[in-house]
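Asker: Build me a model from this:
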Amino acid sequence: MTNQLTSRQQEILEYLRNAQRRTGVMPSTREIQHYFQFASQTAAMSHLRALERKGVIQRLPGKARAVIFPEELDRAEIIDIPIYGSIAAGMSQDAEPEREGCVSIDVTSIGIPRHARTFALKVRGDSMIDAHICHGDTVILEFREPRKGDIVAALIDGETTLKRYVIDKGRPFLHAENPDYPDLIPARELIIQGVMVALLRHAA
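Answerer: Residues are numbered from 1 along each chain as shown. Below is the predicted model:
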């Protein structure tokens, strides 16, 4: 069926496939517009409609970014993951969780169990750049017990932060993936709020 596509439609189809494989979520129309340097989001939407008419993609109504490929329809499991504000990937900061919409994601493509309890947070700061987690990215986290070396959202002495969970001589602490930031050693408490299971890259 792809032999009916124009060269630009084929390029967009490959971009969608590569982005979905890399991040587990389809790019937004704004990201498509930016990547192909279209004049407007309307142009990106028109190309998606054309691909849908030709049967090479299928859009799921009512779910943001939910574009799937027909051959993957049987195994796709699109769920909405709530976004609870942002988290500091820098110095720990006070932060009350506040729901800011959701992101629709194919959980099978990134290996998250269907019934996993998940949530998402926007990343602020650069303390995790050596783990390829950058300012503006979105991290998908699961409510579960952490293992040594996991990247976690944590409440440390009343403040929240995103760091690597480390245990040394039986004592847990948080490690930054940026030499400019110190390790965080709890004085009173360390509560793990979620373990990172996927990363959605912010479009530059």
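Asker: and Asp126, how far is that from Ala88?
Answerer: Counting by C-beta to C-beta, to the nearest Å, the gap from Asp126 to Ala88 is 10 Å. In short, each C-beta sits where N, CA and C put it, glycine included.
Asker: how is this protein carved up into domains?
Answerer: The chain breaks down by automatic domain parsing into domains covering 2-72, 78-200.
Asker: if you count what's nearby, which of Asp126 and Ala88 comes out ahead?
Answerer: Using other C-beta atoms under 10 Å as the criterion, Asp126 and Ala88 rank with Ala88 on top: 20 against 17.
Asker: The more buried one against Arg124, yeah?
Answerer: Yes: using C-beta atoms under 8 Å, Ala88 is in contact with Arg124, at 5.4 Å.
Asker: ok so, going back, among the domains of the chain, which is the most enclosed?
Answerer: For these, the largest average neighbour count (mean count of other C-beta atoms under 10 Å) is found in domain 78-200, namely a mean of 17.
Asker: what do Asp126 and Ala88 both touch?
Answerer: Common contacts of Asp126 and Ala88 (C-beta atoms under 8 Å, 6 or more residues apart in numbering): none found.
Asker: which residues of the chain fall in helices?
Answerer: 7-23, 29-36, 41-53, 107-110 (DSSP state H).
Asker: which stretch among those comes nearest Leu200?
Answerer: Each of the helices of the chain was scored for nearness to Leu200 using C-beta to C-beta, and the closest is helix 7-23 (5.3 Å).
Asker: Could you point out which residue ranges in this structure have low pLDDT?
Answerer: The chain contains residues with pLDDT under 70 at 1-3, 23-25, 59-79, 90-101, 105-115, 202-204.
Asker: let's go with 50 and repeat that
Answerer: Residues of the chain that meet the criterion pLDDT under 50 lie in 1-2, 91-98.
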